[in-house]
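Participant: Predicted model follows, preceded by the sequence.
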Amino acid sequence: MGVIDLRRPSLVRRLVLLAVVWNAVVLIVAGVFLTAQFRDAAIRRFDQSLAVLTDDLYALSKVEDGLVKAPVLTDIRATRAYSGRYWTIFAKTRAGSLKVIERSRSLWDSDLMVASQQIDLLDAAPGRTLYFDMRGPQDKPLRAAAIQARLPSYPDPVVFIAAEDRSPIDADADHFGRITALALLLLGGGLILAVVVQVRVGLAPLFQLRREVASVRRGRAERLTRTYPEELEPLAVELNALLAHNQEVVERQRTHVGNLAHALKTPLSVMITEASQQPGSLAEVVSRQADVMRDQVDHHLRRARAAARSQTSGERTPVEPILDELAVTLERIFQDKSEGQGVEIDWRCPEDLCFQGEKQDLMELAGNVMENAGKWCKARIRVVAAPTSPDRWTLVVEDDGPGLPPERWVDALKRGQRMDEQTPGSGLGLSIVDELARAYGGSVTLGESSMGGLRVSLDLPRSEA
């Protein structure tokens with residue numbers, strides 16, 4: 001798999017991120033809600049226990065000789081110092097403050113401190129049990145239940161308060177919150193994994209369509225043949241129609257190019273023939289210019305045909321047989337070179353390497369470069385064809401000739417540029433290669449060969465075997 005570019009939009013990433021955000025929001029809200037509900041339920045149970053103690057204090061307290069007497073309670077915790085369970089009976093003074101009448105032994109030398117706001121609430125709801133939080137001995141957090149009522153034969157209102165350390169409740173709620181968070185985290189991970197699988201499975205036909213289109217582009221198929229879901233079937237139909245239309249346009253262009261070539265070459269041939277039969281300076285000028293025109297026509301027609309063929313799909317040419325045929329032919333052509341020893345062409349190519357284009361164009365590309373090397377080499381030529389990526393390959397041709405200075409590499413690719421007037425040729429070889437390579441979306445690069453001569457590297461489109 002290639003490197004993922006996070007800057008590019010992606011349907012899979014968008015759907016997964018949307019699911020991640022939505023699940024995160026829902027699970028976080030659910031976790032907070034469940035923890036809050038657990039805490040509230042625990043506090044309600046806690047309050048019920050405190051309410052029982054408060055009711056017992058209220059119901060069983062008596063007034064003897066004008067004094068409020070607390071009942072004897074069986075709650076052992078209320079008898080141990082700082083046990084966490086406390087109770088106090090207050091008398092409401094005329095000034096509105098609370099005066100301690102009786103208190104549990106568990107308070108030892110401390111008192112329950114009731115805030116003024118809580119006293120106001122008790123005044124507003126006499127006879128009702130109220131619940132609130134407060135601080136107790138050793139600065140422990142307490143949960144308290146309080147009721148303000150009147151006792152027979154006692155002139156002032158009496159406040160009964162029972163309180164207990166709420167730390168165990170908070171610890172249980174925190175533990176429940178952690179367990180819930182872990183469970184929801186695992187659930188969220190499972191949901192995200194399920195979403196990823198669902199998206200991949202759901203978009204599998206789209207990925208399949210992409211692979212089939214790539215197969216058509218690389219020449220492995222001529223059209224889309226698979227059956228797709230009803231949402232993608234119209235797209236597949238339109239793509240097949242587009243492929244058919246492009247093929248029709250290319251064929252029409254090929255026919256037009258062939259007609260144009262015939263229409264131009266015939267008058268030029270007549271002009272050259274007639275000029276050759278009429279000696280003189282004018283005939284020489286006509287013949288020379290007609291040759292130039294014919295070269296120009298050949299060049300532009302070749303370029304047009306290559307451009308048209310490069311737009312087609314389905315063309316695939318094995319490279320190895322072409323290089324073998326060219327090597328044999330060129331060794332025969334240059335057999336008298338190098339003091340009659342001929343030229344040795346060492347070529348290498350994988351058997352499964354294929355050029356995405358027509359055989360004639362590959363013959364012209366490789367043939368021109370290898371022929372140019374044969375003209376300039378001393379005795380040896382090295383040709384290496386190798387894939388560079390799934391859709392590209394390179395053809396490197398080197399020779400042991402005199403080479404070419406770097407400042408002349410650009411000129412060597414221009415039309416009509418001859419590096420040595422003493423060497424036969426028209427100066428069109430490398431320029432034709434450059435034109436053809438660019439028509440196929442490739443390139444030609446010149447450099448210094450390790451053998452001492454020129455190094456020509458072609459980057460061309462690759463088709464799967």
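Facilitator: Okay, I see it.

Participant: Quick one: name whatever helix or strand follows the lowest-mean-pLDDT helix or strand in the chain.
Facilitator: In the chain, no helix or strand scores lower on mean pLDDT, DSSP states H and E than helix 281-310, which sits at a mean of 69. Heading C-terminal from helix 281-310, the first helix or strand you meet, by DSSP states H and E, is strand 317-318.

Participant: So which residues of the stretch 101-250 of the chain form helices?
Facilitator: For the stretch 101-250 of the chain, the helices defined by DSSP state H, counting those that start in this stretch occupy 116-124, 167-202, 204-217, 233-276.

Participant: The first one packs against which elements?
Facilitator: Secondary structure elements in contact with helix 116-124, counted by 3 or more C-beta pairs under 8 Å, 6 or more residues apart in numbering; DSSP states H and E, are strand 129-135, strand 141-149. Placement of C-beta: from N, CA and C, glycine included.

Participant: quick one, which of the ones you listed is nearest to residue 48?
Facilitator: strand 141-149 (9.1 Å; C-beta to C-beta).

Participant: Distance check, the residue sitting furthest away from the middle of the chain against residue 153.
Facilitator: Computed with C-alpha atoms, centre = their mean, the residue of the chain farthest from its C-alpha average is residue 65, at 86.6 Å. Look at residue 65 and residue 153: by C-beta to C-beta, to the nearest Å, they are 10 Å apart.

Participant: hey, what's in contact with both of those two?
Facilitator: Common neighbours of residue 65 and residue 153, counting by C-beta atoms under 8 Å, 6 or more residues apart in numbering, are absent.

Participant: Using a markdown table, please lay out the helices and strands packed on helix 116-124 together with mean neighbour count and mean pLDDT.
Facilitator: Listed next are the helices and strands packed on helix 116-124 as a markdown table, based on neighbours: other C-beta atoms under 10 Å; pLDDT from 0 to 100:
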| stretch | mean neighbour count | mean pLDDT |
| --- | --- | --- |
| strand 129-135 | 15 | 91 |
| strand 141-149 | 21 | 92 |
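
Participant: of all those strands, which lies closest to residue 91?
Facilitator: strand 141-149 (10.7 Å).

Participant: other SSEs contacting the closest one?
Facilitator: Checked by 3+ C-beta pairs under 8 Å, 6+ apart, strand 141-149 has helix 11-60, helix 116-124, strand 129-135, strand 158-165, helix 167-202 packed alongside it.

Participant: Give the pairing partners of the third one; include direction for each.
Facilitator: Partner strands and pairing direction for strand 129-135 (DSSP bridges) are strand 141-149 (antiparallel).

Participant: and the angle for the partner strand with helix 167-202?
Facilitator: Between strand 141-149 and helix 167-202, the angle comes out at 120 degrees (axes from the mean of the first three to the mean of the last three C-alpha atoms, to 10 degrees).

Participant: one step back: now the helices and strands packed on helix 116-124 in CSV, with distance to residue 36?
Facilitator: Putting the helices and strands packed on helix 116-124 into CSV (distance: least, C-beta to C-beta, whole Å) gives the following:
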stretch, distance to residue 36
strand 129-135, 16
strand 141-149, 16
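
Participant: what helix or strand is residue 384 on?
Facilitator: Here residue 384 is assigned to strand 380-389, by DSSP H and E.

Participant: Domains in this protein, by residue range?
Facilitator: Per the record, the chain has its domains at 7-202, 233-310, 317-463, by automatic domain parsing.

Participant: ok, of these, where does mean pLDDT dip lowest?
Facilitator: Mean pLDDT is lowest for domain 233-310 out of these, coming in at a mean of 74.

Participant: show me the contacts for residue 44.
Facilitator: Contacts of residue 44 by C-beta under 8 Å, 6+ apart: none found.

Participant: got it, and the one 10 residues further on?
Facilitator: The neighbourhood of residue 54, defined by C-beta under 8 Å, 6+ apart, consists of 87, 129, 145-147, 160-162.

Participant: Since that was my last question, I'll sign off now.
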